[in-house]
Structure formats: C-alpha cells, structure tokens
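In: sequence unknown, structure follows:
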C-alpha cells in the first residue's frame, strides 16, 4: 500500500542534544511531581516516569545526575509520585522552576497532603498518588534510574491527566465521545 500524502522526515543528529531531545519529546507522556520528605522536603516535575511491574508493583523515575533532586533521592529511603491532572500545569511549572525556594518553602504555594506511608508530600488534585520504597538504583548515562516498590496507591477515577509532548503541556481528549476505543 502506498501513501498519497507524505510527511517529510528530518534525520536527527544524535550528537546534537537539542535535536535528540526534540525526537525524544515527540513521545507524549504524563506529567508527575516526584517528592521526598525529611528535614528538607523536595519536589521535582518529571515526565521520565513509567510503571514497570505489577508483581511486585514497581515504578521507575529517571533523574538527571546534576539535579538537586538526585542528591535527595540518593539519600532518601523512598519517594512519592503525584500524577498531575488536567489543569495542573501551574503546579508542573512551579516544580520545574529552579528558582523556587528550597526545602518546605517550595510547598507553601501548592496544596498538598502528607503521604500515608512516607513523610513525603502528595500533591492535592493529582489523578494518582504512589508512595514508593526505593527498591533498586541503576546508572543511566547522565541520569540515574530509581526503581520504587509501591507501598500505597490512590487514584481519582474518571480524572484526566496532564500531558507533555513536543515541549508543550496538553490535556487529553477522548478520541470517541464515550471515551472508549472503537
């Protein structure tokens, strides 16, 4: 079968970080805020998050080795993941802003609640919350891959997640009015 409409393909120079980031960014992802507790709680916007396993229940986050959060995650026994909902772009931008206050001060302008199992903050209004014990840590080039074993989870059924694609925040819309695949 041949296509009558052809979209030109642009080859990416994999040694050019900006071009490679644009290629990676073509994959739509959810948006999360990862948090750790303790004397100096910290939050970080992350879209490098994925579920890994149901048995045991595992999730993975990827954190740049130069990020402040990397040091905090290294020292923490666990972390929380708040999967942001549609309409929470301001929260995502807040925790991506490197000029935000450090420690508990960065949570003063955001609604949150303490975790049930860990002392890390959970972002109010998120579509899902996962509290994780740090399970394994792997080298991932300029990032570290942190695997967490989920110890508690909660979700808001029917709530839509915030998405990120091609360098922009987006909101999901069902492909069909009833919201199910044909």
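Out: Arrived safely, thanks for sending. Quick caveat, the model's predicted, so the values are computed rather than measured.
In: Quickly note the distance from residue 159 to residue 120.
Out: According to C-beta to C-beta, to the nearest Å, residue 159 stands 21 Å off from residue 120. All C-beta atoms are positioned from the backbone trio N, CA, C, and that covers glycine.
In: Who does the residue nearest to residue 121 when sequence neighbours are not counted form a beta bridge with?
Out: Counting by C-beta to C-beta, 6 or more residues apart in numbering, residue 112 is the residue found nearest to residue 121 once chain neighbours are left out, at 4.1 Å. In this entry, residue 112 is beta-bridged to residue 123, by DSSP bridges.
In: Look at residue 159 and residue 120 and report which has more neighbours.
Out: Using other C-beta atoms under 10 Å, the more surrounded residue of residue 159 and residue 120 is residue 120, with 24 against 14.
In: ok, now which ones touch the more buried one?
Out: Residue 120 is in contact with 35-37, 41, 76, 78-80, 114, 131, counting by C-beta atoms under 8 Å, 6 or more residues apart in numbering.
In: Count the residues that sit near residue 27.
Out: Counted with other C-beta under 10 Å, residue 27 comes out at 10.
In: which residues sit in contact with the closest residue to it other than its chain neighbours?
Out: Among residues not flanking residue 27 along the chain, residue 165 sits closest, at 7.3 Å (C-beta to C-beta, 6+ apart). Neighbouring residues of residue 165 by C-beta under 8 Å, 6+ apart: 25-29.
In: how does it look with 10 Å?
Out: Contacts for residue 165 (C-beta atoms under 10 Å, 6 or more residues apart in numbering) come out as 25-29, 47.
In: Any chance of the backbone angles for it?
Out: phi -160, psi 140 (degrees, to the nearest 10).
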